[in-house]
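Novice: Take this sequence and fold it.
(chains A, B and C)
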Amino acid sequence: MSIDEVFRRILRSKIFKNRKVLMPDYIPNELPHREKEIERIAITLAPALRGDRPNNLFIYGLTGTGKTAVVKYVLSRLEAKALELGSKVKGIYVNVRHRDTPYRILADIALEIGAKVPFTGLSTGEVFGRLVSKLRGLDGIYIIVLDEIDFLIRKHGDDVLYKLTRINELLDKAKVSIIGITNSVKFVENLDPRVRSSLGEEEMVFPPYNAEQLRDILAQRARMAFRENVLERDVIPLCAALAAREHGDARRALDLLRVAGEIAERLGDDKVRKEHVMLAREEIERDRVADVVRSLPLHSKLVLAAILAASGGGRVAVTTGEIYEWYKKIVKLLDIEEVTFRRVSGIIGELDMLGIIQARVISRGRYGKTRIISTAADPKTMLASLEEDPMLDPVLEIVEREALSKDERNNR
DNA sequence: CCTCCACAGGAAGCGCAGGAGT
DNA sequence: ACTCCTGCGCTTCCTGTGGAGG
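Specialist: Numbers count the residues shown, from 1 in each chain, chains lettered A, B, ... in the order given. A predicted model of the protein is given here:
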């Protein structure tokens, strides 16, 4: 296929009318099956239009239950209404997972309201100070949305949150409300009670979508995204069913649909079929794993290599001790300084959290307590991503051979 | 029932890089 | 040039623990 032909195909896609509406950050004009939630949030925030401070709001719900979309949607409508009425209302959205230090969060908020703050260099306290002094010069209602707030608490405690919830005491004209969004319900338990009560003036829960609701969502977006009649009848139900299995994640469902369309297009098909969805599922998982592995720091990669070697490419579950032995071997071959056992243990925990391995603590009684570790992603994908790092060249051959040799042993 | 293994995983703190303000 | 800040990857030191074997 010539380059020109590639371009031509993309330009007049037989599949997509408007691919953007399937992207994760797209906020549609209608959010099916979230009418109740929209209304509740609207009711909570509405006082802002009269110049009153809305109650702080705390929202729980698993990933892909529409929390972010609903909040953004209501905020934009609220801002529009405020403009119409001439009242000053501003929503400030911060995703805490992406800007996961107190400093960056405060800096983002400060920048949004027009204070000048450098990327780094100041103390967190000083940024907070600048934020406050800027706000003191303003009036109006500021609604700060802290999305995925649990990331902040887990890594840095609730100090910032405490300060933010009490910021109104330092202001006279401007007022601040906070909307906290989280997908882990249990993180609230280890929150300072003062923060908890102040943040949770109002609380609401977003339930997962079921397969039927997912179908509606997909159907609505598909009408905008795809050309007429390119989706085979069973495509949407399949995407919905797969995503419903993963705790009703609408985002996952939309990803599946989009990638399935992209695959169909790449294959030059003029219809999106079930098979494309299945391929999409694999591709999404592969990409996720590859991204995670690629961005790992050196010793995490080495530990992952050790796990693959020790477990024979994921065939056998292994213990932390066994992994550490392999890790030391690898490090010696590469002539790199080794990290401590404690650190390797920590790295194993991190890899577990990233979902590329599975580690479970067990007790073997007399023979001690340990974690048994197995792979949670395709070993071949992980190996391939490790190969991209030239540092690992000298050992990968051995790791790969080890992974295969156990395979062969099993076959015999 | 108690022991004691082989770790788990918390706490504190260190050295460094990267960036600012003075 | 110097000081001060933060995040990160890491070390050191530590206490805690489920359950097989005695």
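Novice: CA only for contacts and neighbour counts going forward, please
Specialist: OK.
Novice: Which secondary structure element of chain A has the lowest mean pLDDT?
Specialist: Ranking every helix and strand in chain A by mean pLDDT, DSSP states H and E puts helix A:150-156 at the bottom, with a mean of 67.
Novice: Can you identify the element that follows that helix toward the C-terminus?
Specialist: Once the chain leaves helix A:150-156, the next helix or strand it forms, by DSSP states H and E, is helix A:159-165.
Novice: After that next one, heading C-terminal, what element do we hit next?
Specialist: Next along the chain after helix A:159-165, taking DSSP H and E as the criterion, comes strand A:175-182.
Novice: got the CA coordinates for that following strand in CSV?
Specialist: Extracted in CSV, the C-alpha atoms of strand A:175-182 (Å, rounded to 0.1, in the frame of the first residue of the first chain):
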residue,chain,number,x,y,z
LYS,A,175,-16.4,31.2,47.8
VAL,A,176,-15.0,27.8,47.1
SER,A,177,-16.8,24.5,46.8
ILE,A,178,-15.1,21.2,46.3
ILE,A,179,-16.2,18.1,44.4
GLY,A,180,-14.2,15.0,45.2
ILE,A,181,-14.4,12.1,42.9
THR,A,182,-13.0,8.7,43.7
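Novice: From the contact counts, what lies against it?
Specialist: With contacts defined as 3 or more C-alpha pairs under 8 Å, 6 or more residues apart in numbering; DSSP states H and E, the packing partners of strand A:175-182 are strand A:57-61, strand A:141-147, helix A:193-199.
Novice: Tell me the strands beside that strand, with direction?
Specialist: Using DSSP bridges, the strands paired with strand A:175-182 are strand A:57-61 (parallel), strand A:141-147 (parallel).
Novice: Please identify the most buried of these.
Specialist: Mean neighbour count (mean count of other C-alpha atoms under 10 Å) peaks for strand A:141-147 among the strands paired with strand A:175-182, with a mean of 23.
Novice: For that one, what does the pLDDT average out to?
Specialist: Per-residue pLDDT over strand A:141-147 has a mean of 90.
Novice: ok, whichever residue of chain A sits closest to DNA strand B to A:T320 distance?
Specialist: Residue nearest to DNA strand B within chain A: A:G368 (2.7 Å; C-alpha to the nearest atom of the strand). A:G368 sits 12 Å away from A:T320, going by C-alpha to C-alpha, to the nearest Å.
Novice: ok, now A:P54?
Specialist: Remark: distance between A:P54 and A:T320 (C-alpha to C-alpha) = 50 Å.
Novice: Flag every buried residue along whichever helix in chain A runs longest.
Specialist: Taking DSSP state H as the criterion, chain A has its longest helix at helix A:274-294. For helix A:274-294, a neighbour-count test (16 or more other C-alpha atoms under 10 Å) marks A:274, A:276-278, A:280-281, A:283-284, A:286, A:289-290, A:292-294 as buried.
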